[in-house]
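Enquirer: Here is a sequence together with a model predicted from it:
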Amino acid sequence: MMPGYISKTGPKNSMARLITAVNRFLLAVASCMLFQSLIISQAYASDCDDGVAYYKQRNYAAANACFKRCLQGPIGDLNIAYYAALTAQQMREYERAKHLYESIVKLAPTSEAGKMSALAIKNLSGPPEVANLPRETWVPFHRQGAHILIDAELNQHPVKMIFDTGADTCFFSEGMLNELGMSVPDRPPDGMSGGVGKAGMQPMWRVPSTLKVGRIERKNFKIGVTKVPQVVALLGRDFYSGFEYSIDDANNTIGFKRIGSGASTETASSSKTAKPAPLGPEGSTTVSANGTYVYNVPYTGTTSMIVVEAKLNGVPCKMIFDTGAGICFFTSEQAAKVGISPPPNAQVIPVQGVGGGSSAQMGSIGTLRLGTLEVKDVPCAIGGKSVAPYPLLGQTFFREFQYSIDSANKVIHLSKSK
């Protein structure tokens, strides 16, 4: 080796090469991570956008899957989180919905999403007194004709009641109270009430009582009392306010589940969605875990009535979803508006309601469509009197179906009884 010559393979050059190689490796890793980050970011954005689009199409099962993928970490977009919470509600995943709402309120209580989430939490919780009631209960029923009858207790006295989603209040007649040693208060009535029947609107008194159905007992609960004779008392919607309920015709039971309780009253034909299906314009059809088709029908209204958008022989018609009505009922005026009329020499039948008794003629609806569900040749009663603003969708339509009412999301789930 010549003096002054330094080998290119000496220690210093080897170290330089090592450092260069390490730097190149780190740069390659950083590039890969950046590329992967871009892919993940694009996938996140795609899931978020798809979730919102599916929600607006009412394809809640597909929307729910998208939101679950894009919300695996901390909440970054309040609006996306709010859509995810709304979707979870539609899928009846109430605990997840409540958790998302609470997270939004915690992050931004004064934002629009925060304010709407706070309201949603309140609605999920139901009336304050509901929190002290059982999380769920099953109540057996039997049928009397087309009516659903359950056993209840009024001030510890056994009574029969019709489960009636068309009644906003629990109704008893003065005669029923007298048989139980109770009476109508000696004071002016608290209001007026009416339904099907020639008597029309009638004075009504609200009487504080203890009413028990299954394990649900409501104390100081105000029942409605009229002087119009009734054969059986009505269990109205004010009693089970704050509860979901499902009708299981296969087992002759009604399941009540406190909204947001996390308990389950799923029946054998429940609407727990296994896979999404194409949506119709008025609702959706999904497939349950056991392969049963479930028809999901949105409704409007308050605690006074459940109003659905139906089509009668293709003609749009608002109807009241009324489990207490043994038959679909139209006044003559309501029937004329949708082109329905009784046949010549039609059978005359008695009809009874809170407004007393009257008579009507038997008729038939060629095709009655509710959401994506279509039923043909549905018996109906035409005539008589009613103070209800719309015709009644009664048991002759949904007698063969199991159904549950999701009051938090205002959706009726119907599936075919087996």
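Expert: Yep, that arrived.
Enquirer: CA only for contacts and neighbour counts going forward, please
Expert: Will do.
Enquirer: and the gap between residue 210 and residue 246?
Expert: If you measure residue 210 against residue 246 using C-alpha to C-alpha, to the nearest Å, the figure is 24 Å.
Enquirer: Give me the more crowded residue out of these two.
Expert: Neighbours were tallied for residue 210 and for residue 246 using other C-alpha atoms under 10 Å; the higher tally belongs to residue 246 (23 against 17).
Enquirer: how close does the more buried one sit to residue 252?
Expert: Remark: distance between residue 246 and residue 252 (C-alpha to C-alpha) = 11 Å.
Enquirer: what is the mean pLDDT for the helix or strand where residue 47 lies?
Expert: Element membership for residue 47, per DSSP states H and E: helix 11-56. Summarised as a single mean, pLDDT over helix 11-56 is 61.
Enquirer: Which parts of the protein are helices?
Expert: In the chain, the segments counted as helices under DSSP state H are 11-56, 60-70, 78-90, 94-107, 112-125, 174-179, 332-337, 395-398.
Enquirer: got a list of contacts for the last one?
Expert: Contacts with helix 395-398, where a contact means C-alpha atoms under 8 Å, 6 or more residues apart in numbering, come from 146-147, 322-328, 375, 378-380.
Enquirer: Specify the beta-bridge partners of residue 349.
Expert: The residues listed as beta-bridge partners of residue 349 by DSSP bridges are residue 360.
Enquirer: which residues sit in contact with it?
Expert: Counted by C-alpha under 8 Å, 6+ apart, residue 349 has contacts 359, 360, 361, 362, 381.
Enquirer: In the stretch 101-250 of the chain, where is pLDDT below threshold?
Expert: Low-confidence segments of the stretch 101-250 of the chain, defined by pLDDT under 70, are located at 123-129, 146, 193-201.
Enquirer: Try it again at 90.
Expert: In the predicted model of the stretch 101-250 of the chain, residues 101-103, 106-138, 142-148, 164-169, 182-206, 220, 226-232, 236-250 satisfy pLDDT under 90.
Enquirer: now the stretch 301-418 of the chain
Expert: Across the stretch 301-418 of the chain, the ranges flagged by pLDDT under 90 are 301-307, 322-327, 344-346, 348-360, 371-374, 383-389, 394-418.
Enquirer: which stretches of it form strands?
Expert: With DSSP state E, counting those that start in this stretch applied, the stretch 301-418 of the chain shows strands at 307-312, 315-321, 328-330, 348-353, 356-370, 373-382, 392-393, 401-406, 411-416, listed in chain order.
Enquirer: Same list, those strands, but as a markdown table with distance to residue 70 please.
Expert: What follows is those, written out as a markdown table (distance: least, C-alpha to C-alpha, whole Å):
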| stretch | distance to residue 70 |
| --- | --- |
| strand 307-312 | 34 |
| strand 315-321 | 38 |
| strand 328-330 | 46 |
| strand 348-353 | 52 |
| strand 356-370 | 34 |
| strand 373-382 | 33 |
| strand 392-393 | 41 |
| strand 401-406 | 27 |
| strand 411-416 | 26 |
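Enquirer: Walk me through the domains of this structure.
Expert: The chain resolves into domains spanning 29-125, 131-258, 284-416 when parsed by the TED database.
Enquirer: I'd like the distance from residue 391 to residue 176, if you could.
Expert: To residue 176, residue 391 is 28 Å away according to C-alpha to C-alpha.
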